[in-house]
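A.B. asks: this is a predicted model, with the sequence first.
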Amino acid sequence: MDPAGGCPHADNARLLERSAVAAVVLPGEVEGMAVLGHEALKEFLGHPEVAKGAEHFTELREGRIAPGWPLATFATVRGMTTADGEDHRRLRSLVSKAFTARRVEELRPRIEELTVRLLDDLQMAAERDGGVADLRRHFAMPLPMGVIGELLGVDAEYRDRLHHLSNQVVATDIGPEKALAANRELVAVLAAVAAARGERPGEDLTSALIAARDEEGDRLGQEELIGTLVLMIIAGHETTLNLLTNAVRALCGHRDQLELVMRGEGGVRWADVVEETLRWDAPVSYFPFRYPVRDLTVDGTVIPKGTPVLAGYSAAGRDPAVHGPDADRFDVTRPTRPGATRHLSLGHGAHYCLGAPLARMEASIALERLFTRFPDLDLAVTEAELTRDASFVGNSVRALPVRLGTSRG
């Protein structure tokens, strides 16, 4: 795996021509595997003999992973994504009340209000800079960070720093010293957030988790509390940030598809744009880690017990075996076969993304408001000039300079 990241699709296509499962070398010369094919990944994600707990990671358990390994947080943070069985159900139940359909729908007015304000900020930024603004910085990042910040009770003063630190945590090209420093500071900032909420409880998820820790200590330990906040901050904004950025890039590069959804032809909705973006350019390319608890054969390839396995969401989204010979074409009208899954980009099985309904709502609202107000919005540079994220985990670009055109709002 290239620690510097880059666009994954050409490499994915070459790998898929060979097999749905590939052996990979992770940073630090750690041997791993990646599951790339749609059906193989669906089987693997839902397999009862595949675990998330780091105790199943052979090299880590045997002390052969060096300190400061850039992917360590994905393996060792204490929370839902590294828990199995009853521990996973316990931790997920503590958080799930914040993401019920009713609670998510209650957030709609606030998301709409925040979207309008950020569009004002985006327009002002463009006016200050000759008509060009970084949509990622001024719109795609502060929207999901603002929403998850309010949901968790994170004061605005912490949010930019938390974004910077979480960006370093998901980077795969970072050195050991910077990786350790970023993780330490992220934990310290979130411990300060938890301490503030402990002193001044509110109607937020952090306060609810602290109450569970204090009143029912057997349900949530301090390390699990901070680990849960780490996961919520990273997953709660990085994924939606990349989803929005990738959707805007896709629509600007496929104006015919943008016209379809703007006119609502054939019943095409903004939700269809979101789903096709999730398939065509998944916001997470290769997600760490899962571990077979015994030697496991997936699509004819043996994955040895205790191997760290990456979930290849970006590859599965363009798997021609499922999505046909035009799998690499962005098409918001793409039909889904009866009984099939359009994509796996938000996971599958017991660890399916808890925040999926919220991410979908945020993205649908943001894209509709953005292009309704700025229908002529376009990239200010070519796609080839955009700098990719320095990660094979996240899948997007570092900045998205756009020209807004005439405002209609």
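C.D. replies: Cool, the structure landed.
A.B. asks: and Leu41, what pLDDT?
C.D. replies: Predicted confidence (pLDDT) at Leu41: the value is 98.
A.B. asks: and the helices in the stretch 51-200 of the chain, which stretches?
C.D. replies: 58-61, 72-76, 85-96, 101-106, 108-128, 135, 142-152, 156-170, 176-199 (DSSP state H, counting those that start in this stretch).
A.B. asks: just name the most buried of the ones you listed.
C.D. replies: Across those, averaging neighbours per residue (mean count of other Cβ atoms under 10 Å) puts helix 135 on top, at a mean of 28. Heads up, the C-betas are built off the backbone N, CA and C, glycines and all.
A.B. asks: look up how far Val132 lies from the nearest residue to Gly198 once chain neighbours are set aside.
C.D. replies: Nearest residue to Gly198 in three dimensions, chain neighbours excluded: Ile210, at 5.2 Å (Cβ to Cβ, 6 or more residues apart in numbering). As defined by Cβ to Cβ, to the nearest Å, Ile210 lies at a distance of 44 Å from Val132.
A.B. asks: of all the helices of the stretch 51-200 of the chain, which one is nearest Ala327?
C.D. replies: Comparison of the helices of the stretch 51-200 of the chain against Ala327 by Cβ to Cβ identifies helix 156-170 as nearest, at 26.0 Å.
A.B. asks: tilt between that closest one and helix 176-199?
C.D. replies: Computed by axes from the mean of the first three to the mean of the last three Cα atoms, to 10 degrees, the angle separating helix 156-170 from helix 176-199 equals 150 degrees.
A.B. asks: need the residues that contact helix 156-170.
C.D. replies: Here helix 156-170 makes contact (Cβ atoms under 8 Å, 6 or more residues apart in numbering) with 73, 141-142, 145-146, 149, 154, 174, 178-179, 182-183, 185-186, 189-190, 192-193, 230, 233-234, 237-238, 391, 393-394.
A.B. asks: so Ile210 and Val132 - more neighbours on which side?
C.D. replies: Counting neighbours by other Cβ atoms under 10 Å for Ile210 and for Val132 shows that Ile210 has the greater number, 20 against 16.
A.B. asks: that one reaches Ala194, doesn't it?
C.D. replies: Yes - in terms of Cβ atoms under 8 Å, Ile210 counts as a neighbour of Ala194; the distance is 6.3 Å.
A.B. asks: what's the overlap in contacts for the two?
C.D. replies: Among the neighbours of Ile210, those also in contact with Ala194 (Cβ under 8 Å, 6+ apart) are Leu225.
A.B. asks: quick check, distance from stretch 262-270 to the centre of its chain.
C.D. replies: Its chain's average C-alpha position is 26 Å from that of stretch 262-270, according to Cα atoms, centre = their mean, to the nearest Å.
A.B. asks: residue contacts, the residue nearest the centre of the chain?
C.D. replies: For the chain, the residue nearest the mean C-alpha position is Thr239 (2.5 Å; Cα atoms, centre = their mean). Thr239 is in contact with Pro144, Pro283, Val284, Cys353, Gly355, Ala359, counting by Cβ under 8 Å, 6+ apart.
A.B. asks: the same query, at a cut-off of 7 Å, please.
C.D. replies: Pro283, Val284, Ala359 (Cβ atoms under 7 Å, 6 or more residues apart in numbering).
A.B. asks: distance to Glu49, secondary structure and pLDDT for those residues - can I get that in a markdown table?
C.D. replies: Compiled in a markdown table, those are given as follows (distance: Cβ to Cβ, whole Å; DSSP: H, G, I helix; E, B strand; the rest coil; pLDDT from 0 to 100):
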| residue | distance to Glu49 | secondary structure | pLDDT |
| --- | --- | --- | --- |
| Pro283 | 28 | coil | 97 |
| Val284 | 24 | strand | 97 |
| Ala359 | 29 | helix | 96 |
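A.B. asks: and the residues you listed, which is closest to Ala20?
C.D. replies: Val284 (18.4 Å).
A.B. asks: surely that closest one meets Tyr313?
C.D. replies: Yes - the criterion here is Cβ atoms under 7 Å, and Val284 meets it with Tyr313 at 5.4 Å.
A.B. asks: and for those two, which residues touch both?
C.D. replies: Common neighbours of Val284 and Tyr313 (Cβ under 7 Å, 6+ apart) are Ser345.
A.B. asks: circling back to that earlier point, mind putting the helices of the stretch 51-200 of the chain into TSV with distance to Glu276?
C.D. replies: What follows is the helices of the stretch 51-200 of the chain, written out as TSV (distance: least, Cβ to Cβ, whole Å):
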stretch	distance to Glu276
helix 58-61	37
helix 72-76	27
helix 85-96	28
helix 101-106	21
helix 108-128	21
helix 135	19
helix 142-152	19
helix 156-170	24
helix 176-199	33
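A.B. asks: could you check the angle the lowest-mean-pLDDT helix or strand in the chain makes with helix 176-199?
C.D. replies: Among the secondary structure pieces of the chain, namely its helices and strands, helix 205-215 has the lowest mean (mean pLDDT, DSSP states H and E), a mean of 84. Between helix 205-215 and helix 176-199, the angle formed by their directions is 80 degrees, by the same axes, to 10 degrees.
A.B. asks: just checking, what packs against helix 205-215?
C.D. replies: Helices and strands touching helix 205-215, as assessed by 3 or more Cβ pairs under 7 Å, 6 or more residues apart in numbering; DSSP states H and E, comprise helix 85-96, helix 142-152, helix 176-199, helix 222-253.
A.B. asks: if you set the cut-off to 6 Å instead, what comes out?
C.D. replies: In terms of contacts (3 or more Cβ pairs under 6 Å, 6 or more residues apart in numbering; DSSP states H and E), helix 205-215 is packed against helix 142-152, helix 176-199.
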